[in-house]
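**Student:** Sequence and computational prediction follow.
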Amino acid sequence: MFSDNKKPRTMNEFGGQPNRIEKNTVIKGDITSEADFRIDGKLEGDVKTSGKIVIGKDGVIKGKVECVNADIEGHFNGELFVTELLTLKASAVIKGAVNISKLSVEPGANFNATCNMMGKAGMKSKGQGIQPESKFQSSSSPAAPPAQASDVKKV
């Protein structure tokens, strides 16, 4: 009750509801929050949250989004940075640049974006850019030579 631990809590930790932008609502501007967001209307601007973003079937975001998790059913056009899991539902339409750790895509989703798959440690804040956690092949270690016909044994 009177602890020295003054860690701020999100609305979800208090049992509150996520923030919502309802259908037929248009917002132009930037949003910064620690809580989850559900967008069923239209947002033109940037969103940065340490929570989850849900774009409903009628939702539209044009801008830059930084979040931990994202579920998209509607339209997104811009830059997307997701440090955990991006889930694209069958009705999703994505355009732009996507930087993620994990990706789940339902059949039917329209994904027309450049996609950088990075580990959680590879995701950095927007001011520092995003760097891949590791490369598939280091320039210091040469690739294995291709297999020769004499190397293949018949079974």
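**Tutor:** Great, that's in hand.
**Student:** which residues sit in contact with G108?
**Tutor:** By CB atoms under 8 Å, 6 or more residues apart in numbering, the contact list for G108 reads 90-91. (Each C-beta comes from the backbone N, C-alpha and C, glycine too.)
**Student:** same thing with the one 4 residues further on?
**Tutor:** Contact partners of N112, counting by CB under 8 Å, 6+ apart, are 93-95.
**Student:** change it to 7 Å
**Tutor:** Remark: with contacts taken as CB atoms under 7 Å, 6 or more residues apart in numbering, N112 is in contact with 94-95.
**Student:** Beta-bridge partners for it, please?
**Tutor:** In this structure, N112 has beta-bridge partners K95, where bridges are defined by DSSP bridges.
**Student:** where in this protein is pLDDT low?
**Tutor:** In the prediction, the chain carries residues with pLDDT under 70 at positions 1-16, 120-155.
**Student:** what ranges do the helices span in it?
**Tutor:** For the chain, helices defined by DSSP state H do not occur.
**Student:** all strands for the chain, in order.
**Tutor:** With DSSP state E applied, the chain shows strands at 19-21, 26-28, 31-33, 37-39, 42-44, 47-49, 52-55, 60-67, 69-72, 75-88, 93-105, 110-117, listed in chain order.
**Student:** Deepest-packed of those, please.
**Tutor:** strand 52-55 (a mean of 24; mean count of other CB atoms under 10 Å).
**Student:** Give me the contacts around that strand.
**Tutor:** By CB under 7 Å, 6+ apart, strand 52-55 touches 36-39, 47, 61, 65, 67-74, 76.
**Student:** Try it again at 10 Å.
**Tutor:** 12, 18-21, 35-40, 43, 47, 59, 61, 65-76, 80, 82, 84-89, 92-94 (CB atoms under 10 Å, 6 or more residues apart in numbering).
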